[in-house]
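1. model the structure of this input:
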Amino acid sequence: MISIMKVRVVLLVLFCAVAVLLPAATQAQNPGQPARPAAEDTNLEIQLYLILASNREIEEGKLPAVLDPVVKQLRESLPFKHYNLAATFLNRVRNNGKLEVTWMGGPFESKGSPATSNPSFSELTAFVKLFSEDGNRDVVRLNEFRFGTRVPIITGQTASSVSTNAAVFPMVTYQPVGLHTDLSMREGSLVIAGTLNVGPSGDSLVVAVSARRAN
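-> As a prediction, the model looks like this:
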């Protein structure tokens with residue numbers, strides 16, 4: 001009688017263990033389950049492209065092939081004649097880390113200036129998080145994505161001296177523009193974060209970004 005009771009207890013324990021483990025195994029095989037955070041020590045490369053869109057009669061340079069799908073989308077949705085690559089940046093950041101970059105450049109032409117261009121001042125920040133999805137490509141989230149730039153605007157002219165033969169130089173002021181959003185993209189894909197008006201000439205700055213695991 002005692003042996004029978006022991007057998008019943010053992011069978012009951014085994015039944016309970018199977019009941020607990022079976023749902024977990026079924027969930028592990030479900031391809032529709034939520035994405036899982038990737039390892040903390042994973043490094044990511046964030047690529048930023050700044051594309052200058054204009055209707056002015058300017059020479060259009062050759063764009064990298066990676067931008068072909070983006071420019072095709074832009075031509076279908078925005079009424080601009082020319083698209084030129086103003087700048088591109090590549091930065092590395094750890095998963096779950098914060099990317100923060102500031103730089104000075106001169107991609108924005110100042111019409112009427114004796115110089116070819118005036119410098120611009122830009123910054124980029126984002127909290128980067130990589131998620132893995134079963135059976136699909138990984139997803140990169142750029143939370144609190146902020147891009148801002150101060151672009152030169154010609155507001156008038158000034159002479160170098162009171163002489164009638166004095167050289168005339170443009171008066172330049174800087175106008176801040178920027179965007180703030182949350183982004184989610186497939187790893188390795190290139191997405192348009194937004195467009196910014198960068199002056200009275202009607203030019204726009206297109207901000208495109210991609211992210212992938214670093215080699």
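2. buried residues, whichever strand or helix holds residue 182. List them.
-> Residue 182 is part of strand 168-186 when elements are defined by DSSP states H and E. Across strand 168-186, burial judged by 16 or more other CB atoms under 10 Å covers 170, 177, 183, 185, 186. The way it works is simple: take the backbone N, C-alpha and C, and place the C-beta from them, glycine included.
3. do I have it right that the fourth one meets residue 211?
-> Yes - with the criterion set as CB atoms under 8 Å, residue 185 and residue 211 qualify as a contacting pair; they are 6.5 Å apart.
4. one step back: C-terminal to the strand holding residue 182, what's the next element?
-> That would be, after strand 168-186 and using DSSP H and E, strand 190-197.
5. give me the mean pLDDT for that next one.
-> Average pLDDT, strand 190-197: 92.
6. direction included, what does it pair against?
-> If you go by DSSP bridges, strand 190-197 pairs up with strand 204-213 (antiparallel).
7. how far out from the middle of the chain is the strand it pairs with?
-> 4 Å (CA atoms, centre = their mean, to the nearest Å).
8. what do you get for stretch 171-179?
-> For stretch 171-179, the distance to the chain centre is 21 Å (CA atoms, centre = their mean).
9. hey, C-alpha coordinates of that stretch in PDB?
-> Provided in PDB are the C-alpha atoms of stretch 171-179 (Å, rounded to 0.1, in the frame of the first residue of the first chain):
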ATOM      1  CA  MET A 171      26.100  89.900 -43.500                       C
ATOM      2  CA  VAL A 172      25.500  86.300 -42.200                       C
ATOM      3  CA  THR A 173      23.300  85.200 -39.300                       C
ATOM      4  CA  TYR A 174      22.700  81.600 -38.200                       C
ATOM      5  CA  GLN A 175      19.300  80.100 -38.100                       C
ATOM      6  CA  PRO A 176      18.700  76.900 -36.000                       C
ATOM      7  CA  VAL A 177      16.600  74.100 -37.500                       C
ATOM      8  CA  GLY A 178      16.200  70.600 -36.300                       C
ATOM      9  CA  LEU A 179      13.900  67.600 -35.700                       C
END
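10. contacts for that stretch?
-> 110, 113, 118, 121, 145-158, 193-194, 196-199, 205, 207 (CB atoms under 8 Å, 6 or more residues apart in numbering).
11. 7 Å instead?
-> Stretch 171-179 is contacted from outside by 110, 118, 146-158, 193-194, 196-198, 207, using CB atoms under 7 Å, 6 or more residues apart in numbering.
12. quick check: mean pLDDT of stretch 96-112?
-> pLDDT averaged over stretch 96-112 gives 75.
13. er, stretch 202-215 actually
-> Mean predicted confidence for stretch 202-215 is 90.
14. now the helices for this protein?
-> 2-28, 68-77 (DSSP state H).
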